[in-house]
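Novice: fold the following.
(one chain, ligands or ions: 1)
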Amino acid sequence: MYEDLKDKVFIVTGASQGIGRAIAIRLGKEKCKVIVNYANENTKTLADEVVATVEEAGGQAVTCQGDVSKVDTAKKLVDTAISHFGTLHGIVNNAGVQSEYPSEILPINEWDRIIDINLRGVFLGCQEAIKYLLKHNIEGSIVNITSVHQKISRPNYVHYASSKGGLKMLTETLAREYANKGIRVNSVAPGAIETPINEEFLNDPITTKEIINKIPKRKIGTPEEIAAPVTWLLSQEASYVTGATIYADGGMVLY
Ligand code: BGC
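Specialist: Presented below is the predicted three-dimensional model:
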């Protein structure tokens, strides 16, 4: 538990399932107030369940629907924080998507979709949050969820790896730009985690074994193992940490 997180207000994008869900629930345990973003009607019920779980854990929460790649969504998320909880202390830009295509046949609209959600969406979230924090002189914390693929190249996922590589520079640039305003910007880079995005390989024992062989710790990670470093970065325990990427990957990036 991080005492300073009690009653703090954070937006978590893509929080209806997977890593985002675990982050929202962990923040509930820290007695935070959480804006649980979800993309569309398909995930509304899941988002409602996350809100209930956050509240059972001792926090407060509200859902907010929106595609993070749209300019209006970031504004809507910040407005929801203000109207429900009166303030904002940071954002966890977690929403992300991926798809597999050999590069020579990758449709350009699929390139755009992945870059728009994974990179433009994170920028929009950072921009709106930073605008609010600066205006109200709040020492905030921003955490972007990147990937080991901000560093490890990924054949057949050039759009995804490019978005995560861009996210690394986005994080470092914003960290440097706002450090003297009391706003910290960091990243957590997960490796292979048990989430819906990986459902296909998790259901295939042969692929799972191949992936495990690339992880020094020889284990697929859990969403809670990502939520832990995110929570630390949001807390004052990390007050001198900005522009950093914490790889939470069982050593995958070292392979
Ligand atoms: C991807 C996963 C993949 C992991 C390790 C993540 O960024 O979303 O699908 O298993 O990287 O390669």
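
Novice: switch to C-alpha atoms for all contacts and neighbour counts from now on
Specialist: Fine.

Novice: spatially nearest residue to the residue of the chain found nearest the ligand, not counting backbone neighbours?
Specialist: Proximity to the ligand, evaluated over the chain using Cα to the nearest ligand atom, is greatest for residue 192 at 3.9 Å. Spatially, and ignoring its direct neighbours in sequence, residue 192 is nearest to residue 220 (5.7 Å; Cα to Cα, 6 or more residues apart in numbering).

Novice: quick check on that neighbour: phi, psi?
Specialist: phi -80, psi 140 (degrees, to the nearest 10).

Novice: quick one: secondary structure of the closest residue to residue 13 other than its chain neighbours?
Specialist: Residue nearest to residue 13 in three dimensions, not counting chain neighbours: residue 37, with 4.7 Å by Cα to Cα, 6+ apart. For residue 37, the assignment made with DSSP: H, G, I helix; E, B strand; the rest coil gives strand.

Novice: next: residue 154.
Specialist: Going by three-state DSSP: residue 154 is coil.

Novice: contacting residues for it?
Specialist: residue 161 (Cα atoms under 8 Å, 6 or more residues apart in numbering).

Novice: before we move on, back to that, how near is the residue nearest to residue 13 to residue 23?
Specialist: Residue 37 sits 12 Å away from residue 23, taking Cα to Cα, to the nearest Å as the criterion.

Novice: give the burial count for the closest residue to residue 119 other than its chain neighbours, as a bare number.
Specialist: Nearest non-adjacent residue to residue 119, counting by Cα to Cα, 6+ apart: residue 163, 5.5 Å away. Neighbour count of residue 163, defined by other Cα atoms under 10 Å: 25.

Novice: overlap in contacts, residue 37 and residue 23.
Specialist: In terms of Cα under 8 Å, 6+ apart, residue 37 and residue 23 are both contacted by the residues 12, 15.

Novice: ok, back up a step: thought the residue nearest to residue 13 was touching residue 73?
Specialist: No - using Cα atoms under 8 Å as the test, residue 37 is too far from residue 73 to be in contact (9.4 Å).

Novice: those two: who's more crowded?
Specialist: Neighbour count, other Cα under 10 Å: between residue 37 and residue 73, residue 37 has more, with 29 against 21.

Novice: okay, that one: pLDDT?
Specialist: Residue 37 carries a pLDDT value of 98.

Novice: how about the contacts made by the closest residue to residue 217 other than its chain neighbours?
Specialist: Excluding the flanking residues, the one nearest residue 217 by Cα to Cα, 6+ apart is residue 250, at 4.9 Å. Under the criterion of Cα under 8 Å, 6+ apart, the neighbours of residue 250 are 191, 215-221.

Novice: distance of residue 250 from residue 193?
Specialist: Distance from residue 250 to residue 193, by Cα to Cα: 10 Å.

Novice: now the common contact residues for these two.
Specialist: Common neighbours of residue 250 and residue 193 (Cα under 8 Å, 6+ apart) are 220-221.
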